[in-house]
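Q: One predicted model, sequence on top.
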Amino acid sequence: MTTTQRLSNVTLKSLPASVQRPIYDRTAVTPGIVHLGIGAFHRAHQAVYTDTVLADGDDRWGIVGASLRSTDTRDALAPQDGLYTVAARDGDGERLRVVGSSIDQLVAPEDPEHLLETMADPRVKVISLTVTEKGYCHSPSSGDLDEGHPDIRHDLAMPGSPRSAIGFIVEAVARRRAAGATPFTLLSCDNLPANGRTLKRVVTRFAELRDRDLGSFVADEIACPSTMVDRIVPATTDADRQTVSKSLGLTDAWPIMTEPFSQWVIEDDFPAGRPQWEAAGATFVSNVDPYELMKLRLLNGSHSTLAYLGYLAGHETVSDTMSAPGFAVLISGLMDEEVTSTLPQLPGIDLSAYKTDLMARFSNPALRHRTWQIAMDGSQKIPQRLLNTIRDRIKAGAPFARLALGVAAWIRYASGVDEKGAVIDVRDPFAAAMRRQAESVTSPTELASAFFNMEQVFGTDLPREQEFRSAVEAALAQLMRDGAAATVTQVISP
């Protein structure tokens with residue numbers, strides 16, 4: 001079937017009855033949220049929750065999404081009036097929902113002033129972010145602002161035409177302050193430990209570097225609640241576009257593929273007001289840290305371990321990896337024997353059931369979540385997903401062989417050459433530096449040592465721990481000698 005009409009406000013009425021779609025007047029929706037980083041995860045997660053709020057009749061919370069680099073999302077969604085489809089897939093089939101909460105899409109580099117004016121609009125009460133770990137321009141090991149980051153240096157020199165999310169936020173704060181407008185709330189939705197506090201720290205420091213009084217204002221007046229977000233969102237393929245468009249009877253240039261599961265835990269600190277996201281299933285709490293720790297260590301730590309080992313073993317997707325010999329046993333052991341003991345008790349959370357659900361989610365054959373996609377930006381992810389757990393295990397005098405294998409697999413992957421000698425397309429802020437390090441050494445021990453020198457990843461403490469060095473070096477040597485597939489089976493059958 002060839003579809004020629006595009007998904008849009010005009011064509012909504014022609015959708016099949018089985019497709020959920022906006023039931024509210026989109027022309028009456030006003031901007032209440034500016035979201036920086038309007039990528040696939042945001043459109044599968046926060047935008048869906050907000051769509052439910054709009055459907056419940058509160059039209060103050062339209063989302064203006066801004067891409068900080070690429071024009072791709074704007075180019076795909078603007079001809080569709082910002083509409084797109086979320087396809088929730090599992091073994092039982094596919095459920096389609098057209099989401100209408102994105103009322104405008106901007107591209108920051110094309111017109112920084114337009115984005116700043118939008119962020120300074122007093123109707124905007126929330127600035128939310130999914131800019132990935134590297135978008136915070138911070139040191140992952142310390143959480144502090146990287147004051148030498150090229151974008152930070154640029155934004156300090158040219159505050160009126162920023163490049164970074166941090167630069168845009170602080171300039172918008174300064175403009176609203178000068179105009180006497182109510183400060184907005186900053187809402188990080190990225191997988192960072194204490195993401196709200198991390199955001200507050202880097203934004204406050206950047207503001208201090210601009211002006212001491214502005215720094216004090218940010219510290220005192222800008223709320224930055226922490227969040228925990230959870231939904232698996234693979235990259236959309238051309239086959240996905242064709243399948244969804246056929247089901248709609250309309251062309252959708254950029255539908256989103258995801259799983260039925262979705263979770264959002266948010267600290268309730270919004271002085272300027274907020275949407276009633278709880279009506280869409282979000283959970284508001286006084287402290288999100290325990291929920292975040294659970295997710296970062298169980299889900300994200302397992303996901304990264306699967307991604308690096310799975311890629312090295314030649315598996316394209318997470319579900320492919322989970323079905324290969326030994327991997328499910330490895331991940332189950334990682335969660336049960338090395339991670340769970342590092343987590344606090346969570347009232348209302350059954351960790352055993354949560355881990356069982358994770359194993360099923362990882363194995364979902366309907367989600368083609370590529371190991372290469374998850375493997376991106378490992379230098380920014382490994383500290384909170386694996387290294388902090390290892391730190392806790394070392395303090396407890398407990399073994400961490402599976403965690404060490406995950407770290408070793410990242411080093412093997414980030415070195416840039418796979419088990420067949422082919423070049424790996426490593427996407428990471430430090431990709432070039434890591435490749436140079438790998439080329440300058442001749443043994444697994446030397447390779448591990450070269451990576452341990454990356455203080456922004458490993459800090460200064462772990463490289464001094466001989467137990468850590470030995471465990472990672474041994475795992476790396478085994479990976480390089482035997483390959484990932486054989487190493488996994490040997491680890492689970494010592």
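A: That came in fine, so what should we check first? Numbering: from 1, shown residues only.
Q: Gly314 should be in a strand, yeah?
A: No. Per DSSP: H, G, I helix; E, B strand; the rest coil, Gly314 lies outside any strand segment and is coil.
Q: mind checking how far it is from Asp320?
A: 9 Å (CB to CB, to the nearest Å). Using the backbone N, CA and C atoms, a C-beta is placed for each residue, glycine as well.
Q: what's the answer for Thr198, then?
A: From Thr198 to Asp320 the distance is 34 Å (CB to CB).
Q: Compare neighbour counts for those two and give me the winner.
A: Comparing Thr198 with Asp320 by other CB atoms under 10 Å, the one with more neighbours is Thr198, at 23 against 19.
Q: wait, what's in contact with the more buried one?
A: 136, 138, 143, 188, 192 (CB atoms under 8 Å, 6 or more residues apart in numbering).
Q: Leu96 pairs with what?
A: Note on Leu96: beta-bridge partners by DSSP bridges are Ala87.
Q: Give the closest residue to Asp104 in space, chain neighbours not counted.
A: Computed as CB to CB, 6 or more residues apart in numbering, the closest residue to Asp104 that is not its neighbour in sequence is Val64, at 4.6 Å.
Q: ignore the last one, Ala396
A: Ser341 (7.1 Å).
Q: can you give me the strands for the chain?
A: 31-36, 62-67, 84-90, 93-99, 102-107, 126-129, 185-188, 227-230, 256-258, 263-267, 283-285 (DSSP state E).
Q: now the ones you listed in TSV, with mean neighbour count and mean pLDDT?
A: Below are these laid out as TSV (neighbours: other CB atoms under 10 Å; pLDDT from 0 to 100):
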stretch	mean neighbour count	mean pLDDT
strand 31-36	25	98
strand 62-67	25	98
strand 84-90	22	97
strand 93-99	17	97
strand 102-107	21	98
strand 126-129	24	98
strand 185-188	24	98
strand 227-230	22	97
strand 256-258	26	98
strand 263-267	20	97
strand 283-285	16	95
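Q: for those strands, which one sits closest to Leu293?
A: strand 227-230 (8.9 Å; CB to CB).
Q: and the closest one, which strands flank it?
A: When pairing is defined by DSSP bridges, strand 227-230 lines up against strand 263-267 (antiparallel).
Q: Can you list the low-confidence ranges for the chain?
A: Within the chain, the segments meeting pLDDT under 70 span 1-3, 493-494.
Q: quick check: domain ranges of it?
A: 12-286, 289-492 (the TED database).
Q: In TSV, list those along with distance to Thr4.
A: Shown next, in TSV, are the domains of the chain (distance: least, CB to CB, whole Å):
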stretch	distance to Thr4
domain 12-286	7
domain 289-492	27
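Q: what's the distance between Gly135 and Gly314?
A: For Gly135 relative to Gly314 (CB to CB), the value is 31 Å.
Q: Then Glu110?
A: 41 Å.
Q: more neighbours, these two?
A: It is Gly314, of Glu110 and Gly314, that has more neighbours when counted by other CB under 10 Å, with 16 against 11.
Q: Can you list phi and psi of the more buried one for me?
A: The phi/psi pair for Gly314 (degrees, to the nearest 10) reads phi 90, psi 20.
Q: OK, contacts around Leu250?
A: 3, 5-7, 11, 14-15.
Q: Could you find the closest non-adjacent residue to it?
A: Leu7 (4.6 Å).
Q: where's that neighbour relative to Ala47, distance?
A: Distance from Leu7 to Ala47, by CB to CB: 15 Å.
Q: Among the two, which residue is more densely surrounded?
A: The neighbour comparison of Leu7 against Ala47 (other CB under 10 Å) goes to Leu7, with 29 against 24.
Q: wait, doesn't the more buried one sit right on Asp252?
A: Yes. At 4.7 Å, Leu7 counts as touching Asp252 under the criterion of CB atoms under 8 Å.
Q: what sits in contact with each of these two?
A: Common neighbours of Leu7 and Asp252 (CB under 8 Å, 6+ apart) are 80, 83-85.
Q: picking that back up, how close does the residue nearest to Leu250 sit to Thr251?
A: In terms of CB to CB, Leu7 sits 7 Å off from Thr251.
Q: now swap in Leu330 and tell me
A: Taking CB to CB, one finds Leu330 at 42 Å from Thr251.
Q: the more surrounded of these two?
A: Leu330 (23 against 20).
Q: OK, contacts around the more buried one?
A: For Leu330, the contacting residues are 305, 309, 402, 405, 488, 491-492, by CB under 8 Å, 6+ apart.
Q: now, which of these sits nearest Ala280?
A: Thr305 (31.5 Å).
Q: what about the closest residue to the closest one other than its chain neighbours, neighbour count?
A: Spatial nearest neighbour of Thr305, excluding adjacent residues (CB to CB, 6+ apart): Gly406 at 3.6 Å. If you count neighbours by other CB under 10 Å, Gly406 ends up with 29.
Q: pretty sure Gly406 contacts Ser304?
A: Yes. With contact defined as CB under 8 Å, Gly406 counts as touching Ser304 (6.3 Å).
Q: Which neighbours do the two have in common?
A: The contact lists of Gly406 and Ser304 share Leu386, where a contact means CB under 8 Å, 6+ apart.
Q: about what we covered before: just curious, which of the contacts of Thr198 is nearest to Glu208?
A: Of all these, Glu208 sits closest to His138, with 14.7 Å by CB to CB.
Q: was I right about that closest one contacting Leu145?
A: Yes. His138 lies in contact with Leu145 (CB under 8 Å); the separation is 5.6 Å.
Q: between those two, who's got more neighbours?
A: More crowded of His138 and Leu145, by other CB under 10 Å: His138, with 25 against 22.
Q: show me what contacts the more buried one?
A: 144-146, 198, 201-202.
Q: measure the residue nearest to Arg197 when sequence neighbours are not counted to Glu419 for me?
A: Among residues not flanking Arg197 along the chain, Ser226 sits closest, at 6.4 Å (CB to CB, 6+ apart). Distance of Ser226 to Glu419, computed by CB to CB: 39 Å.
Q: and what of Ile127?
A: Distance from Ile127 to Glu419, by CB to CB: 44 Å.
Q: State the number of residues packed around the closest residue to Arg412 other than its chain neighbours.
A: In this structure, Arg412 finds its nearest non-sequential neighbour in Leu479, 5.0 Å apart by CB to CB, 6+ apart. For Leu479, the count of nearby residues is 25 (other CB under 10 Å).
Q: right, and Leu479 touches Thr487 too?
A: Yes. Counting by CB under 8 Å, Leu479 does reach Thr487; the two are 5.3 Å apart.
Q: Identify the contacts common to these two.
A: In contact with both Leu479 and Thr487: Leu405, using CB under 8 Å, 6+ apart.
Q: Give the bridge partners for the residue nearest to Asp104, please.
A: Beta-bridge partners for Val64, by DSSP bridges, are Val34, Asp104.
Q: List the contacts of it.
A: Here Val64 is in contact with 31, 33-35, 102-106, 118, 124 (CB under 8 Å, 6+ apart).
Q: Could you do Leu293 as well?
A: 193, 343-344.
Q: Report the buried members of those.
A: Neighbour-count burial (16 or more other CB atoms under 10 Å) applied to those gives 193, 343.
Q: Turn the contacts of Leu293 into a markdown table, including distance to Pro260.
A: Listed next are these as a markdown table, based on distance: CB to CB, whole Å:
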| residue | distance to Pro260 |
| --- | --- |
| Pro193 | 27 |
| Leu343 | 25 |
| Pro344 | 28 |
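Q: Which one of the contacts of Leu293 is nearest to Glu267?
A: Here the nearest of those to Glu267, counting by CB to CB, is Pro193; it sits at 14.0 Å.
Q: surely the closest one meets Gln384?
A: Yes. Judged on CB under 8 Å, Pro193 makes contact with Gln384 at a distance of 4.6 Å.
Q: Fine, thanks again, bye for now.
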